[in-house]
Structures are given as structure tokens and as C-alpha cells.
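Novice: Based on what follows, work out the 3D shape:
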Amino acid sequence: MEKFIERNLSGWAQYPRSTGRTYRPEKVQGIADILHDREEHSYIGRGMGRSYGDAALNEGGGLILTQRIQRLLAFDPGTGVLTCEAGVTLERILQVLVPQGWFLPVTPGTKFVTIAGAVACDVHGKNHHTDGSLSRFVVSLDLLLADGRFLNCSRDENSDLFWATLGGMGLTGMILAVTLRLRRIDSAFIQVDYRSTRDLDETMRLLEDQDRQHTYSVAWVDGLASGRHLGRSVLIHGDHAGLQDLSSQQRTTPLDFGHRRCWSVPFQFPGFVLNRLSVGAFNGLYYRRFRGSHSSAIVDYDRFFYPLDSVHKWYRMYGKHGFVQYQCVIPFETSSAALVEILEHLKRDGIPSYLVVLKRFGEETGMISFPKPGYTLALDIPVSGSQLFSSLGKLDRCVLNHGGRVYLGKDACLSAESFREMYPDYREWLNLKREFDPENVFSSDLSRRLRIGGARG
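Specialist: Numbers count the residues shown, from 1 in each chain. Down below sits the predicted model:
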């Protein structure tokens, strides 16, 4: 029997917290042994703990840590097809394969996540409007089921289970290995364009126009601006740089660059450090840096995709209570009115959002995968006061009224009723969950909160 350690854990946002028994197997067989012994009422996989909410928490149950299941199993340098174990991080893939001229086809805003976690959340990135989510590039999955069976799942083999697992939040089985297609690159650099906007209308108009011309697109939104400046932003568009785009020095080693010095937030910030004045001052400085100009630069991929990864434990800036990240997607048809309603609602309720990001999504994939065509808004909100959660409930209703939904990989507060309205294919997913996991062995705090898969599911 595998040894366990009881630990009090959280997601990256430090809210909520939960106590479970953690198992750290050395090999894949160790995972199978844990499930065979069935010492806990339920289990959930946990990688680097970078999901924001309670998706990788399991109060009173078992958490199977995958950090030691981390081998790169096979790579075809001709096609860019990689097979790796569940606990391999995106950072490791980049370290090994960028020097060989290959890059991740889709990446979230941090490289410190495991490939299994990325698949379970069906992560999206700045290129969803052109390339979709990670599921489009996954060739196959090796899955360990609750009854001990090992299955290979792909578009052609066990295809229903394949699509249920992509975005399935780790609830269909333990992902043991992933095969995916990478992207060929000529350099480790990104050609970036910056452009400021005066308000939300201009932000959305330019995003729509510029997204047709660039692979990567995101808008940093000044979450504290109001009135006629509501939604003012800095648009950031990027494309992989070719050799002709690089300086003579960069062309000597186009697939290498000087990595950033990292620093760590040493302690929990007192609550008064992050406030409207301090964040408003930063937002004003950042916006004025690009105001009235259209500038471009060549930056390495680390600075473009992972700006916060150089600040270890940056969640401490939000203080001891942590924060929630609220991310929703609104269909294009109703997005303009909905985004104004969301931003103004936060102002009325006095709920500050210190980091606001806006992007456009492309096509929808998976059964309960988050992305769908529309605008996606992500908000970092400090946890303070009971009013926050009633206010988030109002946001959920606004999102529902406009035909949108909330991202489960970051959620900490959504109700089961709202989840069912937001994800109409849930019933199809639930039937597969019950077929392959009838005893609901794979369960988490998130799944119980949303009543996914259990007796009340």
C-alpha cells in the first residue's frame, strides 16, 4: 500500500482550502496500486496545483500527485509528435524541444502546469481565435479507469471517452500519458505589436480587426477605469518571429535566449498594499506607456507568454485570504452589452479587479470544455467580505442571460444549477462518466459542489 500524507491544500489562488490525503507514486504502476487498494472514498489527480479553484482538491479523500510521473517517452522530429507522461510540465517540454525548433501548439499563461492538468482543463491560450484549445492537437491519451483497466483513447479509438476526458476536469480517469502535435518554429522569439485604446468599443473593434492578422492576441484592460474610459486597454498581438525579423546577434542563436532572473514574493502582503490607489497608479503608468502610439518589439517567448512566471508565489500579493479568478465567455452576438454590464456591476458593488484580460475565442470542442465562439473576460478579485460571493452570483446570472459560461479550471463559486444551464452537453458527459466510473471513484471538491457524477448528478 502506498503511504500517504494528510495535507491542507488550495489551488493557486489560495481560496478555498481543503484537507485530503496525498499519495505520491513513483511510477504508473503505483497509481494503479492506489486505485486497486481503494483506501479512500474517492480520488483526484493533482499536478502542480496551478488550477485556481477547487478542481484539484478532495476534502477527506485522496489526491494522487503526479510530479514524479514525468518521462518524455517519444518524439518524432519530423512530425513534431510528442508522447510524455502525465506529470511532465510545459516548462520541461519547452526546455527540451524549443532548442530543436518546436513549440507548444497552445499554452496558458503559465508554463508551470502538467500536461495532464492542461488536458483535463482543455487549456486555451492567446491563439484560440486561430488555433482553438489544446484538444485540437491531442492525438491520443492513455487513461487508467476506476476499475483498473488501461485504455488508449483517440478520435478513432474509445472516441467518446476521449472527448469526455478533454476538459473533463480529471473526473473520467487518471490520465497517464499524452500524445500531441507540436508547432514548428524558426526562433524562440515573438514579434509583438502594442496599441492602446480609449474605451471598450474601440478595444473590441480593434481586437476583431487585428485578430485576423496575428496568431496571438490579448487585451490588458484597465479594470479600474470608468465612465467614458470604461474598458480602455492595451492590445498585445504577436507572431512567431522568423530569422529575418531578428537582430544579427539573435540570428546567431535563434532558438536560445538569456533567461530572466526570477524573484519570489517572500510573505503574504498586508491587505492595504493592494488597493485602488496603488493598483490605479500602476494601471495609469502602464496605460500611458502605450497611449497614443503603435509600437512593436521582438521579445523571447518567456516574456510574451509567461510574464508572471518570473515572480514566484505571486499569489501572496493578494494577502492571507487569497483571491478568485473569474473567467467567462460571452457569445459575440451579446458580448458588447454583457461586458459593459459586468464591468459596471463590479463598480456598483465596489468589487475591485486588479488584473483584467480580454480575448476572442474561436470554435468549440469537447463536451464540457470551456471555450466557445465569443469574448472571454478574466478577472482577478481579492477575497474580502461576504458581499463578494453574492456579487459573483449576480455575474453568473448576467453571463447566463447572455448565453455564456464560466471556466471550471478557475472556478471556485459556481452553483450546480448555473453549471447545468451553462453546459448543455453535460448530460451526454454524465452518461459516459457513469458508464466508466459508476461508483464515482474520481471526485473532487469542484465535482461535489457542482454535483457532477454523483448520486445527485
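
Novice: So which elements touch the lowest-mean-pLDDT helix or strand in the chain?
Specialist: Scoring the helices and strands of the chain by mean pLDDT, DSSP states H and E places helix 276-290 at the bottom, with a mean of 87. On a contact count with 3 or more C-beta pairs under 8 Å, 6 or more residues apart in numbering; DSSP states H and E, helix 276-290 meets strand 189-197, strand 233-240. C-betas here are computed from N, CA, C, even on glycine.

Novice: so where's this structure uncertain?
Specialist: Low-confidence segments of the chain, defined by pLDDT under 70, are located at 1-2, 454-457.

Novice: now do 80
Specialist: Within the chain, the stretches with pLDDT under 80 are 1-2, 259-260, 271-272, 292-294, 385-386, 453-457.

Novice: where along it do the helices fall?
Specialist: Secondary structure of the chain, counting by DSSP state H: helices at 28-37, 90-97, 115-120, 128-131, 159-165, 200-211, 248-252, 276-290, 301-305, 335-348, 387-401, 416-422, 426-436, 445-449.

Novice: ranking those helices by burial, who's on top?
Specialist: Neighbour counts (mean count of other C-beta atoms under 10 Å) averaged over each of these peak at helix 115-120, with a mean of 26.

Novice: Which of the helices of the chain sits closest to residue 234?
Specialist: With C-beta to C-beta as the criterion, residue 234 lies closest to helix 276-290 of these, at 5.0 Å.

Novice: Next, the angle from the closest one to strand 233-240.
Specialist: 50 degrees (axes from the mean of the first three to the mean of the last three C-alpha atoms, to 10 degrees).

Novice: hmm, who's touching helix 276-290?
Specialist: Contact with helix 276-290 is made by 194, 195, 196, 220, 222, 223, 224, 225, 232, 234, 352, 354, as judged by C-beta atoms under 8 Å, 6 or more residues apart in numbering.

Novice: Just want the angle from the least confident helix or strand of the chain to strand 189-197.
Specialist: Going by the same axes, to 10 degrees, helix 276-290 makes 110 degrees with strand 189-197.

Novice: Dump helix 276-290 to CSV, restricted to CA.
Specialist: Output of helix 276-290 as CSV, limited to C-alpha atoms (Å, rounded to 0.1, in the frame of the first residue of the first chain):
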residue,chain,number,x,y,z
ARG,A,276,-7.4,51.0,-5.6
LEU,A,277,-4.8,53.7,-5.2
SER,A,278,-1.7,51.5,-5.6
VAL,A,279,-3.2,49.5,-8.5
GLY,A,280,-4.8,52.6,-10.1
ALA,A,281,-1.3,54.2,-10.1
PHE,A,282,0.2,51.1,-11.7
ASN,A,283,-2.6,50.9,-14.3
GLY,A,284,-2.2,54.5,-15.2
LEU,A,285,1.5,54.2,-15.7
TYR,A,286,1.1,51.1,-17.8
TYR,A,287,-1.6,52.6,-20.0
ARG,A,288,0.3,55.9,-20.5
ARG,A,289,3.4,53.9,-21.6
PHE,A,290,1.5,52.9,-24.8
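
Novice: Tell me the gap between that helix and the middle of its chain.
Specialist: 26 Å (C-alpha atoms, centre = their mean, to the nearest Å).

Novice: do stretch 207-225 as well
Specialist: On C-alpha atoms, centre = their mean, the centre of stretch 207-225 falls 18 Å from that of its chain.

Novice: now stretch 37-44
Specialist: 27 Å.

Novice: And this protein, split by domain according to the record?
Specialist: Domain assignment of the chain by automatic domain parsing yields the ranges 72-185, 189-418.

Novice: what's the span of the shortest one, first residue to last?
Specialist: Right, domain 72-185. End-to-end span of domain 72-185 (C-alpha to C-alpha, to the nearest Å): 20 Å.

Novice: Same check on stretch 56-66?
Specialist: Its start and end residues considered, stretch 56-66 measures 12 Å (C-alpha to C-alpha).

Novice: Next: stretch 145-165.
Specialist: For stretch 145-165, the separation between the terminal residues is 11 Å (C-alpha to C-alpha).

Novice: Now do the strands in the stretch 1-150 of the chain.
Specialist: For the stretch 1-150 of the chain, the strands defined by DSSP state E, counting those that start in this stretch cover 4-10, 17-23, 43-46, 62-65, 72-76, 81-85, 102-103, 138-144, 150-154.
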